[in-house]
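Colleague: can you look at this prediction? I've put the sequence above it.
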Amino acid sequence: MPGPADRPVTLAAVVGAHGIAGEVRLKLFCDGVDGLRCHGAFMVAGRSLTLKSVKADRLGAIARFAEVADRTAAEALRGSLLAVPRASLPPLPPGEYYWHDLVGLPVVSPDGVALGLVVAVENYGASDLIEVELPAGARVLVPLIADAATVEEARVVVADGWLV
């Protein structure tokens, strides 16, 4: 289920500098450092940065960019997001999806009645959870398991009883 190809996808956030040579600490929003290594450049704070190296760290990752030469430049990136175009992500097999593509999808009942909108996706260890905003503004978490919700081409179908 591809999303718009030009929509940026955030893969990590800079949480601070590491050392004095311009390395940065990253909080990852992808499966690991391999999810970053397959991209040569990232949009960061309105400019393109070229990835020179990245390694796993106990709290995420440590990366070095060609354009960041010292600790001062690394500190200036604190809070910045590392993004890539949606089109640069590898295709997924049928039945799999990127969380990014779920946000914004309408949520409907098995009969097709509109119930709300997916506003976020979370995972606290057991399964993926979609956060559904109901028309009245309340938000409900629904597990992405076969008994509760299924992802279709352009919508999420939630079984009866899950949005009570």
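Modeller: Structure's in. What do you need? Just so it is clear, the model here is predicted, and its values are computed rather than measured. Numbering: from 1, shown residues only.
Colleague: from now on I want contacts and neighbour counts done on CA atoms only, so please keep to that.
Modeller: Noted.
Colleague: which strand residues bridge A149?
Modeller: When bridges are called by DSSP bridges, A149 pairs up with V158.
Colleague: contacts only, for it.
Modeller: The contact partners of A149, by C-alpha atoms under 8 Å, 6 or more residues apart in numbering, come to 142-143, 156-159.
Colleague: any idea how far A136 is from it?
Modeller: 21 Å (C-alpha to C-alpha, to the nearest Å).
Colleague: what about the helices in this structure?
Modeller: 34-37, 71-76, 99-102 (DSSP state H).
Colleague: could you say what helices and strands the last one packs with?
Modeller: The reference is to helix 99-102. Helices and strands touching helix 99-102, by 3 or more C-alpha pairs under 8 Å, 6 or more residues apart in numbering; DSSP states H and E, are strand 114-123.
Colleague: so what strands line up beside the strand it packs on?
Modeller: Strand partners for strand 114-123, identified by DSSP bridges, are recorded as strand 106-108 (antiparallel), strand 128-133 (antiparallel).
Colleague: how distant is it from the center of its chain?
Modeller: Here strand 114-123 is found 14 Å from its chain centre; the criterion is C-alpha atoms, centre = their mean, to the nearest Å.
Colleague: what does that strand rub up against?
Modeller: Taking contacts as C-alpha under 8 Å, 6+ apart, the residues outside strand 114-123 that touch it are 99, 102-109, 128-135.
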